[in-house]
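In: curious how this folds, go ahead:
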Amino acid sequence: MREIFKTSKIKYLFFTILLFIFTACEGFNFEFNGDLRAHIEEDVGVTYSFYEYPDLNSQHIDKIFITGKTISNSDFPSYVHDDTLLVGWQYLCNSETGSKQMPNYFTFNEKNYINSIRPGITDESLYAIWKKKCTITFVTNWPGVELDPVIMPEGDLLQWPNVERQGNWVLWNWCTDKELTQWYNFSEPVTEDMTLYGRWVEVRTITYHKNDGSGEETRWDYQINTENVFADYMFRPRDGYGFMGWSDTPSGGVKKYPGDSFTITQDMDFYAVWSSDLVTVTYIDKYGAFPNKKVRVARNSRYSVGHAYSDYSWYTDLGEIWVTSGKTIYGYDESANVPMVNGAPNVKYSRWGWYETTDNQGQWRGSNYITITSNKTFYVYWDDMIVEGGDVLVGITFEESPDSDIPGLVSGPTVSGSTYTFTASTGYDEYRWYFDGVYQSSSSTNVLEIGTGALFPGIYNITLVVRQGTDYYSWQGTLTKS
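Out: Down below sits the predicted model:
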């Protein structure tokens, strides 16, 4: 072992010296013969093999990278398919060219795909991650206003296409039908090709003024001839004061509270009303992962349960402040131990404004406003506190891919709570499981267990590569959480 280590050190030192000489000579503009230059690069470089699939028998492109030089994924090679998109790269454990465990000189992006590499002294292998190609076509329904189609991978979220305002008309919704009755939900992952149709409405504008001498203001558009609600506070906090409501004059008293309904026919201005008589609202995380959050608000104001100031001092939904992987806030209650009803915590206030009144009749957004007269404490409950046996609040489906080399290689999944278990046929020499492109080193057997409780809604790829002798076969499927 000592001799092997010694040899590796000598090889690395030799490579480093060659690299220094090569760089220095370039700095002095010495002329290199092309063959000599290529030979030196080969000596100080390592080979990275980029496979089209997580299968060593699939097509691959070899690239030579200089040891110690950071390489961005923009310099990786590319493959092109008609119906799928290459969305990223993952490490392919390959004992023939590298190691069985992922090296520590990779960086990853937010989707856990390789973002960059800083090659060591060993050859390595990567494989492409593929997602179904989806084409989104837009019909704006306004003469002369056109948008290019968007091509994106299945499972991603479509971003709202920006369209300029046309006079007093604004593109208000994107719909999935020509009749403009079915609004598209941009919080749902894209799963297929589709056409979206623009729905325009005539609007008027309310200008909201902070009214503290700073001159801050913001403008909101509202649809005419329909019921709207006044906005909540949207500025940074004012030291020593709490927001009470809105006045139609700079020095007047409260005329409208957040959540009050109105119909607009003309542009208007409203001004924040302030009070120095404050109370404190405290939020306590039931998990204990976040420190208590305190909000100072005006006494006798109308307060929206679940709102606080972010680290950047913006007044917003607490769920946008307390962000943790795989979980989202479910709701709030003044009790630290609410009962479970239909499989979910029976909180009084949901994150999205659902509020159960005393007669058990639910009311939608806006009814989570309360008139606050004294200090309050709310406990924060999370969506993964939902238990089995109640209403189905989360749907999970699985589908085997028709591109699998061996259809039916994997059976299941069997379900126990939020754990989904996949079992492959026995008799193969090696099993390599990948969940959404990530190698599952803990699942080198024919069984893979996936905990779905912490997964965000979306589409996840499951891949199994098996080896029988020198032959490799792959199996694929998709797990969808809605």
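
In: tell me which helix or strand the closest residue to T218 other than its chain neighbours sits in.
Out: Setting aside the residues directly before and after it, T218 is nearest to Y208 in space (C-beta to C-beta, 6 or more residues apart in numbering), at 5.3 Å. Where you see a C-beta, it was placed from the backbone N, CA and C, and this is true even at glycine. If you go by DSSP states H and E, Y208 is part of strand 194-209.

In: pLDDT weak spots in the stretch 251-400 of the chain?
Out: Under the criterion pLDDT under 70, the flagged ranges of the stretch 251-400 of the chain are 325-326, 343, 353-367, 384-395.

In: show me where the stretch 51-200 of the chain has its helices.
Out: Read by DSSP state H, counting those that start in this stretch, the stretch 51-200 of the chain holds no helices at all.

In: H81: neighbour count?
Out: If you count neighbours by other C-beta atoms under 10 Å, H81 ends up with 12.

In: ok, it touching W130?
Out: Yes. With contact defined as C-beta atoms under 8 Å, H81 reaches W130; the gap is 6.9 Å.

In: skipping its backbone neighbours, what lies nearest D156 in space?
Out: The nearest residue in space to D156 (C-beta to C-beta, 6+ apart) is V190, at 6.0 Å.

In: pLDDT score for the one you found?
Out: The model reports V190 with a pLDDT of 94.

In: show me the contacts for it.
Out: 134, 136, 152, 154-158 (C-beta atoms under 8 Å, 6 or more residues apart in numbering).

In: list just the nearest of the residues you listed to K327.
Out: L157 (18.1 Å; C-beta to C-beta).

In: the closest one and F186, how far apart?
Out: 7 Å (C-beta to C-beta, to the nearest Å).

In: same question, E400
Out: In terms of C-beta to C-beta, E400 sits 29 Å off from F186.

In: between these two, which one's more packed in?
Out: Neighbour totals were compared for E400 and F186, and E400 leads with 15 against 12 (other C-beta under 10 Å).

In: is it true that the more buried one touches P407?
Out: Yes. If you go by C-beta under 8 Å, E400 and P407 touch, sitting 6.8 Å apart.

In: mutual contacts of these two, please.
Out: With C-beta under 8 Å, 6+ apart, E400 and P407 have common neighbours W475.

In: need phi/psi at S401.
Out: Main-chain torsions, S401, degrees, to the nearest 10: phi -80, psi 140.

In: can you give me the neighbour number for it?
Out: 15.

In: same check on the one 10 residues further on?
Out: Burial of S411 is recorded as 11 neighbouring residues (other C-beta under 10 Å).

In: is the nearest residue to it once chain neighbours are set aside bridged to anything, and to what?
Out: Leaving aside its chain neighbours, S411 sits nearest to T423 (5.3 Å; criterion: C-beta to C-beta, 6+ apart). Beta-bridge partners recorded for T423 (DSSP bridges): S411, V447.

In: next up, the contacts around T423.
Out: 410-412, 414, 446-447.

In: now it: how far from P413?
Out: Relative to P413, T423 is positioned 8 Å away (criterion: C-beta to C-beta).

In: repeat for P103
Out: 31 Å.

In: can you pick out the residue with more neighbours from these two?
Out: Counted by other C-beta under 10 Å, P103 and P413 do not tie: P413 has more neighbours, with 20 against 14.

In: was I right about that one contacting F398?
Out: Yes. Here P413 reaches F398: they are 5.8 Å apart, a contact under C-beta under 8 Å.

In: overlap of the contact sets of those two?
Out: Counting by C-beta under 8 Å, 6+ apart, the contacts common to P413 and F398 are 420, 479.

In: let me see the contact set for I321.
Out: 293, 308, 310-311.

In: let me know whether L85 touches G155 as I believe.
Out: No. Look at L85 against G155 with C-beta under 8 Å: they stay out of range, at 10.6 Å.

In: what residues are shared contacts of these two?
Out: Overlap between the contact sets of L85 and G155, as judged by C-beta under 8 Å, 6+ apart, is given by K131.

In: okay, strands next: where are they in the stretch 201-350 of the chain?
Out: Secondary structure of the stretch 201-350 of the chain (DSSP state E, counting those that start in this stretch): strands at 217-223, 228-229, 242-247, 261-262, 268-275, 278-285, 293-298, 301-304, 307-309, 315-317, 329-333, 340-341, 344-345, 349-350.

In: run through who's touching the second one.
Out: Counting by C-beta under 8 Å, 6+ apart, the neighbours of strand 228-229 from elsewhere in the structure are 222, 258-264, 366.

In: just the buried residues of stretch 224-235, please?
Out: By neighbour count on 16 or more other C-beta atoms under 10 Å, the buried set for stretch 224-235 is 228-235.

In: C-alpha coordinates for it, PDB please?
Out: The C-alpha trace of stretch 224-235 is given here as PDB (Å, rounded to 0.1, in the frame of the first residue of the first chain):
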ATOM      1  CA  ILE A 224     -63.000  46.300 -13.300                       C
ATOM      2  CA  ASN A 225     -66.600  45.300 -12.700                       C
ATOM      3  CA  THR A 226     -65.600  42.400 -10.400                       C
ATOM      4  CA  GLU A 227     -65.100  41.900  -6.700                       C
ATOM      5  CA  ASN A 228     -61.600  42.500  -5.500                       C
ATOM      6  CA  VAL A 229     -60.000  42.700  -2.000                       C
ATOM      7  CA  PHE A 230     -57.600  45.400  -0.600                       C
ATOM      8  CA  ALA A 231     -54.000  44.400  -0.400                       C
ATOM      9  CA  ASP A 232     -52.200  43.700   2.900                       C
ATOM     10  CA  TYR A 233     -49.100  45.700   3.900                       C
ATOM     11  CA  MET A 234     -46.300  45.200   1.400                       C
ATOM     12  CA  PHE A 235     -43.500  47.500   2.500                       C
END
